[in-house]
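S.K.: one predicted model, sequence on top.
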Amino acid sequence: MDVKQLKIPRKLMYSLFGTYFLLRLIFVDYSSVPERRKLEEIPLECDSVINGTENTRLISRARQWDWQFDRIEHEIFSAKNVCSVVEKYFNFSKEPMSEEEEKYPLAYGLVVYKTIVQVMMQLSLFYQPQHLFCITVDDKSPPEYKAVIESLPKCFSNMKVFIGEPSDWGSFGILKNVYTCFNWLTESKHEWKYYQYLSGTDLPIRTNLEMVRIFKAMNGSINTDVSTFEVDRYKNMEGVLPPMPIYKSSMSVLVPREAADFLIVSARVQKLLKYLSKTWIPDESFWSTVLGSPALLPVPGSFRVRDILWLRKNFQLRPAYENTVNSIGTSYIGRYQVWGWQKECFGKVKDFSCVFGVQDIEEIMTRPEIIAHKLYLEFQPAGFMCMFKVRNEGSAKDFKVVFQEVRRRSLSPDAHKFSAKSYSEMPSVELFKGKAITQLTNPHWLVRDSFYNPSLEEFDKEVL
């Protein structure tokens, strides 16, 4: 009888197929199954997040999207070989993206204390094999968290880990932890060009190539926030003369290697650290203080902070309308952060600072700054994921990449077209080059520090 003419009852056919698949589930060799996709390849519609939308259904879907990140966290903490789990889920570059990037290595100092999956995703996005990384772990972090971070140098030879001090908000522990890594990175023989501080809630807005070109445009100048120091922060040191004038700034800073080499051997810097240890929120008083008085501390790349404060006080400047890579509109690019009193936060406000949500991402991706602060993987994670998600489609032979933003720009054929010309026109760069404060190309870029309050801005005087 012809096999094709053989008729099998439908119920029997379903029963046979069911038995077959049951046996496959029981006896399949799972070691032969390909590893789960990288986290960046999780299916997620990002166009409406990156480009914005008025479609309330898409917004709601993005706000409610979630993933089983806790399962991956458990796998990391319980792994006998952390490196294998890191390789399994996270995409770390194994070679420089270009010759230009290879010849311009950077240094990163991080202070972390929680959310291991977020920290690994953050590291994977900043990571390049030519860079140097130092991580200080808050001493109050759980033992399993410390153990995982401490094991990372076994996975990456360009990483160093310290267990630091408790870094409670407002305490000296934060600054001490930051300086521990800054000092180690600078003492190393690695020939990095610029240093940047990162917290565990930062994500890059710029690609590595864009950062390299921006740092080149900065031409050895320092980039730090500049603000007036508040008297109540003197705390126990009120009435005690500091080793140099104290100014307020953000913790994030961009420091060229020459400046770093100078700072770590300066006796005045050590005196300042000792002084600040008895003040309130010292991490917001260090960088602009040591980098803003070249007459007292001639740090390479520095400029006079008092000139900027004088300009703000005596001239009524209207802030720049545009803040993009083609027209920076600010003189501080180390970090984009929104305080609760500055503008609407579409995410949530924690410790007076906006934790960005999915509806904030569209604006973030147009900003000229280097990083965005803060993003939480446990809060509206679609925003976090869409800032750098990459999805691979097609076979290895016919490979097509559909990426989102930072990863997309990193691997784009047009990546080399990025121009950092506008960054060379920042006031901090021109002041370092010797321009007088009254001769700046864009003095109005100085009108706001990162703590500005728009409700206090008045333009009833003559405006420049």
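M.R.: Here it is on my side, so go on. Numbers count the residues shown, from 1 in each chain.

S.K.: all strands of the protein, in order?
M.R.: 106-112, 132-137, 159-163, 194-199, 202-204, 227-228, 247-248, 254-256, 348-350, 353-355, 371-373, 390-393, 400-403 (DSSP state E).

S.K.: how about the nearest residue to residue 98, chain neighbours excluded?
M.R.: What sits nearest to residue 98 in space, not counting adjacent residues and going by C-beta to C-beta, 6 or more residues apart in numbering, is residue 209, at 6.3 Å. (Each C-beta comes from the backbone N, C-alpha and C, glycine too.)

S.K.: hang on, isn't the one you found packed against residue 99?
M.R.: No: counting by C-beta atoms under 8 Å, residue 99 is not a contact partner of residue 209; they are 10.9 Å apart.

S.K.: higher neighbour count, the two?
M.R.: residue 209 (21 against 8; other C-beta atoms under 10 Å).

S.K.: quick one: that one and residue 323, what's the gap?
M.R.: 21 Å (C-beta to C-beta, to the nearest Å).

S.K.: same check on residue 217?
M.R.: 17 Å.

S.K.: what does stretch 220-228 rub up against?
M.R.: 247-250, 252-256, 258-259, 287-288, 291-292, 299-303, 305, 308-309, 331-334, 426, 428-429, 431-433, 446, 449-451 (C-beta atoms under 8 Å, 6 or more residues apart in numbering).

S.K.: which residue ranges of the stretch 101-250 of the chain form helices?
M.R.: 116-126, 143-155, 172-187, 208-218 (DSSP state H, counting those that start in this stretch).

S.K.: need those helices in TSV (columns: distance to residue 349).
M.R.: Below are those laid out as TSV (distance: least, C-beta to C-beta, whole Å):
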stretch	distance to residue 349
helix 116-126	19
helix 143-155	26
helix 172-187	20
helix 208-218	29
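
S.K.: want to try a markdown table for those helices, with distance to residue 357 and mean pLDDT as columns?
M.R.: Formatted as a markdown table, the helices of the stretch 101-250 of the chain follow (distance: least, C-beta to C-beta, whole Å; pLDDT from 0 to 100):
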| stretch | distance to residue 357 | mean pLDDT |
| --- | --- | --- |
| helix 116-126 | 15 | 94 |
| helix 143-155 | 26 | 97 |
| helix 172-187 | 26 | 96 |
| helix 208-218 | 25 | 95 |
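
S.K.: of the ones you listed, which is nearest residue 272?
M.R.: helix 172-187 (10.4 Å; C-beta to C-beta).

S.K.: buried set for the closest one?
M.R.: Across helix 172-187, burial judged by 16 or more other C-beta atoms under 10 Å covers 172-182, 184-186.

S.K.: what angle do that helix and strand 194-199 make?
M.R.: Per axes from the mean of the first three to the mean of the last three C-alpha atoms, to 10 degrees, the angle that helix 172-187 makes with strand 194-199 is 150 degrees.

S.K.: worst-scoring helix or strand of this protein, pLDDT-wise?
M.R.: strand 400-403 (a mean of 30; mean pLDDT, DSSP states H and E).

S.K.: how close does residue 179 sit to residue 242?
M.R.: 17 Å.

S.K.: no, scratch that, I was asking about residue 275
M.R.: 5 Å.

S.K.: surely residue 331 meets residue 444?
M.R.: No: using C-beta under 8 Å, residue 331 makes no contact with residue 444, being 10.0 Å away.

S.K.: more neighbours: these two, which one.
M.R.: Each of residue 331 and residue 444 has its neighbours counted (other C-beta under 10 Å); residue 331 has more, 26 against 19.

S.K.: poorly predicted segments of the chain, please.
M.R.: 1-37, 388-416, 458-464 (pLDDT under 70).

S.K.: make it 80
M.R.: Scanning the chain for pLDDT under 80 picks out the ranges 1-45, 47-48, 50-55, 236, 239, 387-417, 455-464.

S.K.: all helices of the stretch 251-400 of the chain, in order?
M.R.: Going by DSSP H, counting those that start in this stretch, the stretch 251-400 of the chain shows helices at 257-263, 267-276, 287-291, 305-314, 361-364, 381-386.

S.K.: which one of these is the most hemmed in?
M.R.: With neighbours taken as mean count of other C-beta atoms under 10 Å, those reach their highest mean count in helix 287-291, at a mean of 27.

S.K.: and that helix, what does it pack against?
M.R.: strand 247-248, helix 267-276 (3 or more C-beta pairs under 8 Å, 6 or more residues apart in numbering; DSSP states H and E).

S.K.: what about the closest residue to residue 58 other than its chain neighbours, how many neighbours?
M.R.: With C-beta to C-beta, 6+ apart as the criterion, residue 58 has its nearest non-adjacent residue at 4.3 Å, and that residue is residue 48. Residue 48: 21 surrounding residues under other C-beta under 10 Å.

S.K.: just residue 421 next, same as before
M.R.: Residue 421 has 10 neighbouring residues, counting by other C-beta under 10 Å.

S.K.: what's the spacing between the nearest residue to it once chain neighbours are set aside and residue 107?
M.R.: In this structure, residue 421 finds its nearest non-sequential neighbour in residue 217, 6.9 Å apart by C-beta to C-beta, 6+ apart. From residue 217 across to residue 107, the span is 18 Å (C-beta to C-beta).
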